[in-house]
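Asks: quick one, structure for this:
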Amino acid sequence: FSHIECVTVSGPEKGGTSRALADKLLPFGWIVLKRCSFDEYQKSIEAIDAMFLEESEKMAEREAKERKVREEREAREREAAEAARKREEELAKLSPEERELWELVQPDATENMASAIYAKLERYGDLKIKAAEALKAYWIRINKWEGKELTKKQKEKVKVARMILEGRE
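Replies: Numbering: from 1, shown residues only. Alright, predicted model coming up:
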């Protein structure tokens with residue numbers, strides 16, 4: 001070997017001092033092999049086996065946790081898909097007007113949906129009261145059912161909905 005890997009960074013300015021085996025310092029990558037008794041050999045084999053067993057158990061625990069999390073996630077996804085399928089089946093049974101009213105009472109309803117239903121209020125026929133109830137629920141949710149800050153246009157819409165709910169129209 002060239003002995004270059006045995007040079008330390010400390011020591012004289014030119015190249016440092018050489019490490020030798022006599023100093024019990026080994027160059028990088030070197031190992032020392034020695035004879036050992038059979039008992040020492042058995043102990044080292046048992047220690048290695050114990051280490052591998054411990055690592056195997058840890059790995060099995062990690063895999064079990066990951067599998068459990070994955071199964072729970074898949075179960076939630078299946079439940080959500082089943083609920084969505086059932087909801088779609090129920091919605092398919094509804095008329096277009098009933099479906100619009102159902103959409104209006106959902107948390108993601110928009111002002112445009114409410115305006116569209118209000119504009120078609122007279123066309124709802126038998127569902128006119130349900131339409132007024134859906135509008136009322138939506139406007140209460142967005143704080144546009146009562147109060148001083150309502151616009152003139154909104155006050156008129158609320159008045160019409162109240163009249164329908166009270167049975168005057």
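
Asks: how far away is Lys68 from Arg62?
Replies: For Lys68, the distance to Arg62 (Cβ to Cβ, to the nearest Å) stands at 11 Å. Backbone N, C-alpha and C define where each C-beta goes, glycine included.

Asks: sorry, that was for Leu33
Replies: Here Leu33 is placed at a distance of 35 Å from Arg62 (Cβ to Cβ).

Asks: out of those two, which sits in the more crowded spot?
Replies: Ranked by neighbour count (other Cβ atoms under 10 Å), Leu33 and Arg62 place Arg62 first, with 10 against 5.

Asks: by mean pLDDT, which helix or strand of this protein comes out lowest?
Replies: helix 96-104 (a mean of 83; mean pLDDT, DSSP states H and E).

Asks: neighbouring contacts of that helix?
Replies: Residues outside helix 96-104 that contact it (Cβ atoms under 8 Å, 6 or more residues apart in numbering) are 91, 94, 109, 113-114, 116-117, 123-124, 127, 130-131, 134-135, 137-138.

Asks: hmm, which of the residues you listed are the buried ones?
Replies: 109, 113-114, 117, 124, 127, 130-131, 134-135, 138 (16 or more other Cβ atoms under 10 Å).

Asks: hmm, which of those is lowest in pLDDT?
Replies: Model confidence across these bottoms out at Tyr124, which has 76.

Asks: wait, is Glu149 part of a strand?
Replies: No. Counting by DSSP: H, G, I helix; E, B strand; the rest coil, one finds Glu149 to be coil, located in no strand.

Asks: and the residue positioned nearest the centre of the chain, what does it touch?
Replies: Closest to where the C-alpha atoms of the chain average out (Cα atoms, centre = their mean) is Arg73, at 9.6 Å. Under the criterion of Cβ under 8 Å, 6+ apart, Arg73 has no neighbours.

Asks: the helix or strand encompassing it - what's its average pLDDT?
Replies: Secondary structure assignment for Arg73, by DSSP states H and E: helix 38-93. Taken as a whole, helix 38-93 carries a mean pLDDT of 95.

Asks: can you give me the angle it makes with helix 96-104?
Replies: 140 degrees (axes from the mean of the first three to the mean of the last three Cα atoms, to 10 degrees).

Asks: how far is helix 38-93 from where the chain is centred?
Replies: Per Cα atoms, centre = their mean, to the nearest Å, the displacement of helix 38-93 from the mean C-alpha position of its chain is 18 Å.

Asks: ok, now stretch 105-115?
Replies: Distance of stretch 105-115 from its chain centroid, counting by Cα atoms, centre = their mean, is 26 Å.
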